[in-house]
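1. Let me see the structure of the following:
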Amino acid sequence: MLNLKTLTPICVLLLSASFAAWSQTPPPKLQTAPPAPTFSYSKELRDQLQAVRDAALTSDYAWHQLAYLTENIGPRPAGSPQAQAAAEYVAAEMRKLGLDVHLEPAQVSHWIRGEEKAQLVEYPGQTPETTQRIVLTAISGSSATPADGITAEVVVVHNFAELTALGREKVAGKIVLFNFPYDERKALAGMAFEAYGEAVVYRARGAKAAAELGAVASLIRSVGGADYRLPHTGFSFPAGIPAAALAAEDADLVDHLAAQGRVRIRLKLTPESLPEVTGYNVVADLKGSEHPEQIVVVSGHLDSWDLGRGAIDDGAGVVISMATAEVLQRLHIHPRRTLRVIAWMDEENGGGGNKAYAKTHAAEFPDHIAAIESDAGAAHPLGFDMKMPPAAIARLQPLRDILRPIGATIFQSIEYSPGSDIDPLVEAGVPGIGIMQDGRKYFDYHHTAADTLDKVDPQDLRENAAAMAVMGYALAAMPDPLPR
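-> I've put the predicted structure just below:
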């Protein structure tokens, strides 16, 4: 998620000068920080980085890997046979490249969607003996309805404050619909993750808030674009009641009808939250030539939701991490430090993979030099989000010239972890990096049945592979580790 921009020192200077002219007094002197030190890389390292970039830009390795993961294996929910097959496949491909590969066990969620259907059975202006089908999908914290479903009146709210104002008397025994829109104008203006952050709280916590007031079920407006009548699934905290996401168009329909009078919905959901099972992170090391104990992580998450095939979320992140190792091996370039490719398991519905990694590798965290995660789609890379000190970002500035041909030149300092799977590393002080991608259309497909291979442009994928490989190799090859 991107930070809000603040006024730059030059803006402050201009405003100060203008005010001074108006008041006929000299402008105040501004205290300016000393210029940041500049860094340069050796010619050998620059040449290697350019070769890595060009090799990634002319390779379809990542595309072929993504096609196999999404079309031959398909959806990869944690705990599923496909998730296991995907982990074994990625491990085998990394072994082919000569990496030291481990399938590291993790206790992961095991959630099955089951049947999901809904109908409007009563509403103003209803033609006798008819109903209207509602397009929806269960979200992960949902409980099952009785076998024959439930039928109840709907109350529509647009935020948590409206729900609280209704109180238990008007909510108990009813179905609550949170119709909070994902702001598509923000998304089109390049602020998709801000829009997502505003809306996703209703998916995560809406059911719990409704259940606390006695609701028998909770519905939300899907968190994402509203152009295709697609419901978007995702994680929610269990609340002991059925919970689902309506297609945005259907959320509006229910809202409009409820404004006219009584609306009742018949709802049937049969999800199952089964006991946790053993899944696997794929951990593959390209050993460093000088400091094999020092580790640079390049990563994406291998699990996906079940509706689509997990191409943009997050097969793309996995395959560009694999491509980083493939490029270095193909060019016979050996980094000083160990480059560690990780395909995380269970990012979507519990984070079992990153918890297991933190437990297994905690003693190594001081030797983790940096951790990169790509989990923001597969569109054109704009640069990187970075959770690290300014002095560390300054060390990476020469990479902007290497990446300028693909436009990945924004190096943005952020205050949070740039990836959920690398959270434990970042919390321990490891510099964290996320690839910043053009997210304007990402949430049209995110967590939907439309997350499929055709949503990925092969050239964009090559550019992402180049960005990951250049950053990963630089961190593994530069003379000194980044300051923390």
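
2. Could you pull up the contacting residues of Ala51?
-> Leu331, Ile333 (C-beta atoms under 8 Å, 6 or more residues apart in numbering). Bear in mind the C-beta positions are built from the backbone N, C-alpha and C, glycine included.

3. I'd guess it is in a strand, am I close?
-> No - according to DSSP: H, G, I helix; E, B strand; the rest coil, Ala51 belongs to no strand; its state is helix.

4. For the stretch 1-150 of the chain, which segments count as strands?
-> Remark: strands assigned in the stretch 1-150 of the chain by DSSP state E, counting those that start in this stretch are 100-112, 116-122, 132-134, 136-138, 150-157.

5. and the longest one, which residues are buried?
-> Residues Val101, Leu103, Glu104, Ala106, Gln107, Val108, Ser109, His110, Trp111 are the ones in strand 100-112 that count as buried (16 or more other C-beta atoms under 10 Å).

6. which residue packs closest to Asp171, ignoring adjacent ones?
-> For residue 171 the amino acid is Val, not Asp. In space, and not counting its chain neighbours, Val171 is closest to Leu213: 4.0 Å by C-beta to C-beta, 6 or more residues apart in numbering.

7. okay, now the one you found: neighbour count?
-> Counted with other C-beta atoms under 10 Å, residues neighbouring Leu213 total 18.

8. now Ala469
-> Ala469 - counted by other C-beta under 10 Å - has 29 other residues nearby.

9. Now do the SS call for it.
-> Going by three-state DSSP: Ala469 is helix.

10. I'd say it and Thr324 touch.
-> Yes - Ala469 lies in contact with Thr324 (C-beta atoms under 8 Å); the separation is 4.3 Å.

11. May I have the phi/psi pair for Gln126?
-> phi -60, psi 130 (degrees, to the nearest 10).

12. What count of nearby residues applies to it?
-> Around Gln126 there are 15 residues (other C-beta under 10 Å).

13. any idea how far Ser142 is from the closest residue to it other than its chain neighbours?
-> The shortest distance from Gln126 to any non-neighbouring residue, by C-beta to C-beta, 6+ apart, is to Leu120 (7.8 Å). Leu120 sits 20 Å away from Ser142, going by C-beta to C-beta, to the nearest Å.

14. again, but for Arg76
-> In terms of C-beta to C-beta, Arg76 sits 20 Å off from Ser142.

15. So this protein: which segments form each domain?
-> 43-104+277-477, 112-273 (automatic domain parsing).

16. so can I have a markdown table of those showing mean pLDDT and distance to Pro483?
-> Output for the domains of the chain, formatted as a markdown table (pLDDT from 0 to 100; distance: least, C-beta to C-beta, whole Å):
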| stretch | mean pLDDT | distance to Pro483 |
| --- | --- | --- |
| domain 43-104+277-477 | 98 | 5 |
| domain 112-273 | 97 | 28 |
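
17. Just name the most buried of the ones you listed.
-> Here the criterion is mean neighbour count by mean count of other C-beta atoms under 10 Å, and of these the winner is domain 43-104+277-477, at a mean of 22.

18. just curious, which of the buried residues of strand 100-112 is nearest to Thr409?
-> Val101 (33.6 Å; C-beta to C-beta).

19. give me the beta-bridge partners of the closest one?
-> Assessed by DSSP bridges, Val101 has beta-bridge partners Ala284.

20. Please report the distance of it from Asp314.
-> 20 Å.
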